[in-house]
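A.B. asks: Sharing a model that was predicted from the sequence below.
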Amino acid sequence: MPDPSPAPVQSSLPTADGARPALLSWSALPFVPVPGTEAVAVPDSGPGDDPVAEDVRECAAAARPPGPVLERILRGPSGLGTVGLHPAQCEEPAAPEASAAGSPIPGLYHHPIPEPDPVRVEEVSRRIKAWALDEVELYPEEWEDQFDGFSVGRYMVACHPDAPTVEHLMLAARLMVAENAVDDCYCEDHGGSPIGLGGRLLLAHTALDALHTTKEYQPQWAQSLGADAPRRAYRSAMEYMLQEASPSQADRFRHDMARLHMGYLAEAAWAQTDHVPEVWEYLAMRQFNNFRPCPTITDTVGGYELPADLHAQPGMQRVIALAGNATTLVNDLYSYTKELASPGRHLNLPVVIADREGVSEREAYLKAVEVHNDLMHDFEAEAAAVAAACPAPSVLRFLRGVAVWVDGNHYWHQTNTYRYSLPDFW
């Protein structure tokens, strides 16, 4: 079928007056204006110029923090009585909530998004199920309802509305499904266990980051990649990824997956010793066991590249980390009742706050909402600062892509009533 044209994108980044723009196309807003700075025009590349190198040259100043005036503007007013004046905390302009089923968590800071393109949703849903069943034999027949209930197509289209083709969306869809297969089958409720997890994760990781060994042992490793569903899924999803990603983008993804696996191991170690971490320790674990690998590939899925030198800038790394942390706490909050109903004790932020700070379940849950909101405000302020310091097109598009992923991730959690329901705390 013909591929639908890219849907318009709604930015989560604040404009100069603190408001948020309505639907935008990439060409309609090439730069993010910030008060106190002049717009920087990106000159056309001359003969033989490399656009990627041009972005890097223009943003050499990205390593320098904004000046004190710009910092003060981005930070907003401070002191008693000024909370309501912070641009990131202003009320949203009128915008319809998603019309799909499900209500947002009261008090949770988020941005409503338009309904994902239904044509793309249907096509991604069809393709990802065919891939799971026919190419990697991901799950037995009795798990089909759970796979359908995950709503992969709606999730990916909501998070990547600027993907140029359905096949670009499929890059993210395969990786998302593979990551969830590893989590379910190695760590969670489909045969997972903390015992021996490190060995399983290490071998699965070689499906993403290939083993370089001797000719004698190479065939045994290659054969092992088909040993179970998670490894089959990782290998296949990564093979598709490598068809579109640059070497730098692929290595970035492998690095973030290693971070994810390290977070899995920390949580497993606490489960084996029945340890409830301090709140700050839990948040440290969640910085690794989180969604970071998903928004970090937003440029690959979008069909462009954020140059490695710009991706590695400390400011950009902080933006990506804050986005991953905030979106992961969205999962903690929406999956709270689901995890309480599951066997055993599942660590999530409300559970840890209640245990470590000696408050009721309701108080702990509401405080976790506040923690999420603080991270979201920090994410948006830091993204605005990076955009002001380095207004190259690839940087602005990447920042907006991450922000849209954050919004799409919330939309999927809010509307996926097959998986999630809210506690009665209001």
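C.D. replies: In hand now; what should we look at? Numbering: from 1, shown residues only.

A.B. asks: I figured Ala207 was touching Arg231, is that so?
C.D. replies: Yes - taking Cβ atoms under 8 Å as the definition, Ala207 is a contact partner of Arg231 at 5.0 Å. Placement of C-beta: from N, CA and C, glycine included.

A.B. asks: Need the residues touching each of these two.
C.D. replies: Leu225 (Cβ atoms under 8 Å, 6 or more residues apart in numbering).

A.B. asks: Assign a three-state SS to Ile113, would you?
C.D. replies: coil (DSSP: H, G, I helix; E, B strand; the rest coil).

A.B. asks: where in this protein is pLDDT low?
C.D. replies: Along the chain, the parts satisfying pLDDT under 70 run over 1-100, 189-191.

A.B. asks: now the biggest helix by length in it, how far from the centre of its chain.
C.D. replies: If you go by DSSP state H, the chain has its longest helix at helix 361-389. Here helix 361-389 is found 15 Å from its chain centre; the criterion is Cα atoms, centre = their mean, to the nearest Å.

A.B. asks: just stretch 200-214 next, same as before
C.D. replies: Taking mean C-alpha positions (Cα atoms, centre = their mean), stretch 200-214 and its chain are 24 Å apart.

A.B. asks: what comes up buried for that stretch?
C.D. replies: Using 16 or more other Cβ atoms under 10 Å as the test for burial, stretch 200-214 gives Arg200, Leu201, Leu203, Ala204, His205, Thr206, Ala207, Leu208, Asp209.

A.B. asks: now stretch 333-342
C.D. replies: So for stretch 333-342, counting by 16+ other Cβ under 10 Å, buried means Leu333, Tyr334, Ser335, Tyr336, Glu339.

A.B. asks: Can you give me the distance of the residue lying closest to Glu339 once chain neighbours are set aside to Gln313?
C.D. replies: Closest residue to Glu339 apart from its sequence neighbours, by Cβ to Cβ, 6 or more residues apart in numbering: His346 at 3.8 Å. For His346, the distance to Gln313 (Cβ to Cβ, to the nearest Å) stands at 36 Å.

A.B. asks: how many neighbours does Ala312 have?
C.D. replies: 14 (other Cβ atoms under 10 Å).

A.B. asks: swap that for Pro219, sorry
C.D. replies: Applying other Cβ under 10 Å, I find that Pro219 has 9 neighbouring residues.

A.B. asks: Tell me which helix or strand comes right after whichever helix or strand it is part of.
C.D. replies: Assigned by DSSP states H and E, Pro219 falls within helix 218-224. Using DSSP H and E, the helix or strand that follows helix 218-224 towards the C-terminus is helix 229-244.

A.B. asks: Now do the buried residues in that following helix.
C.D. replies: Quick answer for helix 229-244 (16+ other Cβ under 10 Å): 229-238, 240-241, 244.

A.B. asks: Could you list every helix and strand in contact with it?
C.D. replies: Counting contacts by 3 or more Cβ pairs under 8 Å, 6 or more residues apart in numbering; DSSP states H and E, helix 229-244 packs against helix 166-182, helix 197-205, helix 247-273.

A.B. asks: Strands of the chain, start to end?
C.D. replies: Counting by DSSP state E, the chain forms no strands at all.

A.B. asks: And the residue sitting furthest away from the middle of it, how far from His205?
C.D. replies: Most distant from the centre of the chain: Glu216, at 39.6 Å, with distances by Cα atoms, centre = their mean. Distance, Glu216 to His205, by Cβ to Cβ: 22 Å.

A.B. asks: Would you format the helices and strands packed on helix 229-244 as JSON lines with distance to Ile113 included?
C.D. replies: Shown next, in JSON lines, are these (distance: least, Cβ to Cβ, whole Å):
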{"stretch": "helix 166-182", "distance to Ile113": "16"}
{"stretch": "helix 197-205", "distance to Ile113": "33"}
{"stretch": "helix 247-273", "distance to Ile113": "24"}
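
A.B. asks: Name the stretch among those helices that sits most buried.
C.D. replies: helix 166-182 (a mean of 23; mean count of other Cβ atoms under 10 Å).

A.B. asks: circling back to that earlier point, now the helix holding Pro219, how far from the centre of its chain.
C.D. replies: Computed by Cα atoms, centre = their mean, the chain-centroid distance of helix 218-224 equals 32 Å.

A.B. asks: Stretch 384-398 now?
C.D. replies: Distance, centroid of stretch 384-398 to centroid of chain: 19 Å (Cα atoms, centre = their mean).

A.B. asks: Straight-line length of that stretch, end to end?
C.D. replies: Terminal residues of stretch 384-398 lie 12 Å apart, using Cα to Cα, to the nearest Å.

A.B. asks: One more: stretch 105-125?
C.D. replies: Terminal residues of stretch 105-125 lie 27 Å apart, using Cα to Cα.

A.B. asks: So which of the buried residues of stretch 333-342 is the closest to Cys390?
C.D. replies: Leu333 (32.5 Å; Cβ to Cβ).

A.B. asks: Now do the same contact list for the closest one.
C.D. replies: With Cβ under 8 Å, 6+ apart, Leu333 has these contacts: Ile105, Leu108, Asn348, Leu349, Pro350, Tyr365, Ala368, Val369, His372.
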